[in-house]
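Undergrad: Sharing a model prediction with you, sequence too.
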Amino acid sequence: METQKRESWGSSIGFILAIAGSAVGLGNVWKFPYITGLNGGGAFVLVYLFCILLVGMPVMLCEIVIGRRTRKNPYGAFKALQLRRSRFADIIGGFLLAAAVLLSCSGSFGFAVIAAIAAVMMLTMGFAAVGLFSLITAMLILSYYSVVGGWIVEYTVKAFTGGLHFNSVEAAGNAFGSFIHSPGRVVLWHLVFFGASALMVWGGIRNGIERWSKILMPALFLLLVALVFRSLTLPGAENGVAFFLTPDFSKLSTAGALEALGHSFYTLSLGMGITITYGSYLSRDRNIFSASLWVIVLDTGVAILAGLAIFPAVFAMGFDPAAGPSLIFNVLPATFNNFPGGMGWLWAGLFFLMLTIAALTSAAALLESGVTFLIDQFHMSRKVAVLLCFVAIGGLGCLACVSVGDWNSIPGVHQALSAIFLPENIALCGSWFDLLDKVTSNWMLPIAGMLTAIFVGWIWTARKAGRELRRGAGPEVDENLITSLSGFRGEPLYRTSRNHGLTVMTLWGLLVRFLAPVVIMFVFLQAIGVNLGF
C-alpha cells in the first residue's frame, strides 16, 4: 500500500505514554470515581476491569492496527482499507434512511436530518464515513471538554492561592455555581486551557506530544501517589477503601453493569479517532500488543489510584461518596479543606494540578486527530492546521461556556434547536454543553466503536488485521504472549485442522467479530433510554 512520508514516535515508551495520556483523562479521575460511588463501589470496579479486557482492549487493538497499516488519519485510513464498495455499508445506509423517515413522521425533524445525512455518508463513502464520523465526534467532544479543563485550571489557581476554603458541600456548590454563571471567566480559562493543548500539538509528534507526555505523565503519577498516601493516612480512611474495593453485587444493577461496560469503552478514548491517529505515527517495528497492554495497565491504574485518593478522604471527612458529578467541584474542595493539620489548600492544589495534567494530555490527543486530518487531506502545514482548529473548536467551546449556566444565555440557539429537535427533547438538556455531552457520549461514541469493530472483523477481516497486529512482535516472549491470548500463529483469525477440517476461531477474532459489536449495541440502547427488559 502506498503511504506518504510522515513523522513517527521516537520510542516505544513515548508512544505508550502519549496514548496512555490520551486515555488517562477526566474519565479516570472524575467520572470513574463518581460512577463507582453511584453504583455501590467494589462490584462496579470488578465489572469494569472485566469489560476493559473483553471489549476495550480488542477494539483498541483494532484502531491501532488500522492506523499503523494505513499511516493515515481516521477518514483516510478507512478509505484506504475499503478497497471496494461494501454491501454492509449500503445496508446500514438503508436502515438510516428508514430511521430518517420514521423520525420525520414523528415530528423529530432534527434527528431525521441527522439520520438522513448519516445515511447519505454511508451510501456515498461506505465505511470511510465511519472515520469521518469519529473525527467529528472528537472535535465536538473537545469543544466542551476544554471548557471543563478551564474549570479545573481555575480551581487549581484558587486552591494554591487559598480560594477554596469551604467548610461544607453546600458552600462549595454555591461557589461553583457562581463561577460557571460568570461567562467571561469561564471563556477566559477555557481559552487558556485550550491554548496549552494547542501548544503541545504545535510542536508535532516527537517534539510536541511525545516530549510533553514524557514530562506530564510521570508528574501525574507522582502527584496521584502522593494524594493516595495522604488519603490513606487519614483517620477512618479504611471505610473508604472497603467501599471502593469490596465487591457487593447486591448494589450493582443491570444498568450499573452496562455503565461499567460503557465507561470501559469511553475511558480508552475509543470511537474518537485518537487511537487510529496515534497508531498512524507508529513505526512497523513496534509491538502493538505489548504497547496496548501497557496502556491498559496505566489507564486502569490511574482509575484505581484516583479512587483510592478520593474515597478514603471522602469517608474520613464524613461526606457522601455517591454525590455524582458534583463530587469533584463540590465535595472534594470541602473534603480537602477539612483535612487535619491545616494543609488542605496544598492537597487541593495538588489534586487539581493532577487533574489539569490528565485533562491536558487528553485534549491534545483530541486536537491531534483534527490536525492530522487537515494535514493529510488538505496538505496544510501543521501550524496552519493547529490555528484553524483552535479558532473553530475554541469558538464552539465559547458557545458551551456561555450556555452552561442556562439556555437563556443564548436564546437564539435555544429556540432554533427547540424548533429542530422538539422542545421536550431539548428540555432534557440543561445547556448546549449538556446537549453536546449527551449526543457524543450516548450516541456517537458507541456507534463509531461498533462500526469500527464490524469493519475490522468483517469488511477488512480480522485475519488481515491480525497479520498487522503480529508485525513487530519482537522477542519470543512477546510472541508467546500474543499466541497465548489470541490463539493464532500462522493465521490470525483461524487455523484449520487438516485432520478434522475444523475452523477454530481465535479469541481476538471472536471478540472483535461477535462480542464487541453486540455488547456495544447494548451500551448504546441503554444510553439512549431503550428498555432492554433485564
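TA: Done, it's in. Numbering: from 1, shown residues only.
Undergrad: Tell me the backbone dihedrals of S86, please.
TA: For S86, the backbone dihedrals are phi -110, psi 130 (criterion: degrees, to the nearest 10).
Undergrad: now swap in L366 and tell me
TA: Backbone dihedrals for L366, given as degrees, to the nearest 10, come out at phi -60, psi -40.
Undergrad: ok, it to I114 distance?
TA: Look at L366 and I114: by Cβ to Cβ, to the nearest Å, they are 21 Å apart. Heads up, the C-betas are built off the backbone N, CA and C, glycines and all.
Undergrad: Compare neighbour counts for those two and give me the winner.
TA: Each of L366 and I114 has its neighbours counted (other Cβ atoms under 10 Å); L366 has more, 30 against 19.
Undergrad: Pretty sure that one sits against Y145.
TA: Yes: the pair L366 / Y145 is scored as a contact, 6.7 Å apart, by Cβ atoms under 8 Å.
Undergrad: Return every residue with contacts to both of these two.
TA: In terms of Cβ atoms under 8 Å, 6 or more residues apart in numbering, L366 and Y145 are not both contacted by any residue.
Undergrad: Quick check: M354 touching W30?
TA: No: M354 is beyond contact range of W30, at 11.3 Å (criterion: Cβ under 8 Å).
Undergrad: Looking at these two, which has the bigger crowd around it?
TA: When neighbours are counted by other Cβ under 10 Å, M354 comes out ahead of the other of M354 and W30, with 26 against 22.
Undergrad: Excluding covalently adjacent residues, which one is nearest to the more buried one?
TA: Leaving aside its chain neighbours, M354 sits nearest to L223 (3.9 Å; criterion: Cβ to Cβ, 6 or more residues apart in numbering).
Undergrad: can you check T267 too?
TA: Leaving out its chain neighbours, the residue that sits closest to T267 by Cβ to Cβ, 6+ apart is G27, at 4.4 Å.
Undergrad: Compute the number of surrounding residues for the one you found.
TA: With neighbours defined by other Cβ under 10 Å, the count for G27 comes to 21.
Undergrad: coming back round to it: residue contacts, the residue nearest to M354?
TA: 350-351, 353-354, 357 are the contacts of L223 under Cβ under 8 Å, 6+ apart.
Undergrad: Most neighbours among the residues you listed, which one is it?
TA: Counting neighbours by other Cβ under 10 Å, F351 leads the contacts of L223 with 30 neighbours.
Undergrad: Leaving out chain neighbours, which residue sits closest to that residue?
TA: Once flanking residues are discounted, F351 sits nearest to L227: 5.8 Å by Cβ to Cβ, 6+ apart.
Undergrad: For the one you found, list the residues it contacts.
TA: L227 makes contact with 309, 347, 350-351, 354, according to Cβ under 8 Å, 6+ apart.
Undergrad: separation between it and F390?
TA: Separation of L227 from F390 (Cβ to Cβ) stands at 32 Å.
Undergrad: and if you look at P517?
TA: Distance, P517 to F390, using Cβ to Cβ: 36 Å.
Undergrad: Kindly report the same for L17.
TA: 24 Å.
Undergrad: So between these two, which is more surrounded?
TA: Taking other Cβ under 10 Å, L17 and F390 do not tie; L17 has more neighbours (26 against 20).
Undergrad: My guess is that one contacts S213. True?
TA: Yes: look at L17 against S213 with Cβ under 8 Å: they come within range, at 4.3 Å.
Undergrad: For stretch 142-154, C-alpha coordinates in CSV please.
TA: What follows is stretch 142-154, C-alpha atoms only, in CSV (Å, rounded to 0.1, in the frame of the first residue of the first chain):
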residue,chain,number,x,y,z
LEU,A,142,-13.0,18.6,22.5
SER,A,143,-15.2,21.8,22.3
TYR,A,144,-16.8,21.1,25.7
TYR,A,145,-14.0,19.0,27.2
SER,A,146,-11.8,22.1,27.1
VAL,A,147,-14.5,24.0,29.0
VAL,A,148,-14.2,21.5,31.9
GLY,A,149,-10.4,21.8,31.5
GLY,A,150,-10.8,25.6,32.1
TRP,A,151,-12.9,25.0,35.2
ILE,A,152,-10.1,22.8,36.6
VAL,A,153,-7.4,25.4,35.8
GLU,A,154,-9.5,28.0,37.7
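Undergrad: what about stretch 192-209, average pLDDT?
TA: For stretch 192-209, mean pLDDT is 96.
Undergrad: mind listing what W202 touches?
TA: Listed by Cβ under 8 Å, 6+ apart, the contact set of W202 reads 208, 382-383, 386.
Undergrad: mind checking the backbone torsions on it?
TA: The phi/psi pair for W202 (degrees, to the nearest 10) reads phi -60, psi -40.
Undergrad: I'd like to know how far F176 sits from G126.
TA: Using Cβ to Cβ, F176 is found at 46 Å from G126.
Undergrad: Kindly apply the preceding question to A255 instead.
TA: For A255, the distance to G126 - Cβ to Cβ - is 35 Å.
Undergrad: Those two: which has the busier surroundings?
TA: Per other Cβ under 10 Å, whichever of A255 and G126 has more neighbours is G126, with 23 against 12.
Undergrad: per-residue confidence for the residue nearest to M354?
TA: Note on L223: pLDDT of 94.
Undergrad: And L532, by the same measure?
TA: 63.
Undergrad: now, which of the contacts of L223 lie within helices?
TA: Secondary structure from DSSP state H places 350-351, 353-354, 357 of the contacts of L223 in helices.
Undergrad: Output the residues you listed as CSV; include the columns pLDDT.
TA: Formatted as CSV, these follow (pLDDT from 0 to 100):
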residue, pLDDT
L350, 95
F351, 94
L353, 95
M354, 94
I357, 95
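Undergrad: for this structure, where's the lowest mean pLDDT among helices and strands?
TA: Between all helices and strands in the chain, the lowest mean by mean pLDDT, DSSP states H and E belongs to strand 503-505, at a mean of 37.
Undergrad: show me what contacts A118?
TA: Taking Cβ under 8 Å, 6+ apart, we find A118 in contact with 96, 129, 133.
Undergrad: three-state assignment of the last one?
TA: Going by DSSP: H, G, I helix; E, B strand; the rest coil, the secondary structure assigned to F133 is helix.
Undergrad: And for it, the neighbour number?
TA: F133 has 25 neighbouring residues, counting by other Cβ under 10 Å.
Undergrad: Which residue is the nearest non-sequential neighbour of it?
TA: Nearest-residue entry for F133: A448, 5.5 Å, with adjacent residues in sequence omitted and distances by Cβ to Cβ, 6+ apart.
Undergrad: Check the first one too.
TA: Closest residue to L96 apart from its sequence neighbours, by Cβ to Cβ, 6+ apart: A119 at 3.5 Å.
Undergrad: now, which of the ones in helices among the contacts of L223 sits nearest H263?
TA: Distance to H263, by Cβ to Cβ, is smallest for M354 among the ones in helices among the contacts of L223, at 19.8 Å.
Undergrad: On the three-state scheme, the nearest residue to V512 once chain neighbours are set aside is what?
TA: With sequence-adjacent residues excluded and distances taken as Cβ to Cβ, 6+ apart, V512 is closest to G457, at 4.3 Å. Under the three-state scheme (three-state DSSP), G457 adopts helix.
Undergrad: Let me see the contact set for G457.
TA: Taking Cβ under 8 Å, 6+ apart, we find G457 in contact with 509, 512-514, 516-517.
Undergrad: Make a markdown table out of the residues you listed and add distance to R471 and neighbour count.
TA: Shown next, in a markdown table, are the contacts of G457 (distance: Cβ to Cβ, whole Å; neighbours: other Cβ atoms under 10 Å):
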| residue | distance to R471 | neighbour count |
| --- | --- | --- |
| G509 | 17 | 25 |
| V512 | 17 | 28 |
| R513 | 21 | 20 |
| F514 | 25 | 13 |
| A516 | 22 | 27 |
| P517 | 25 | 20 |
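Undergrad: All good on my end, thank you.
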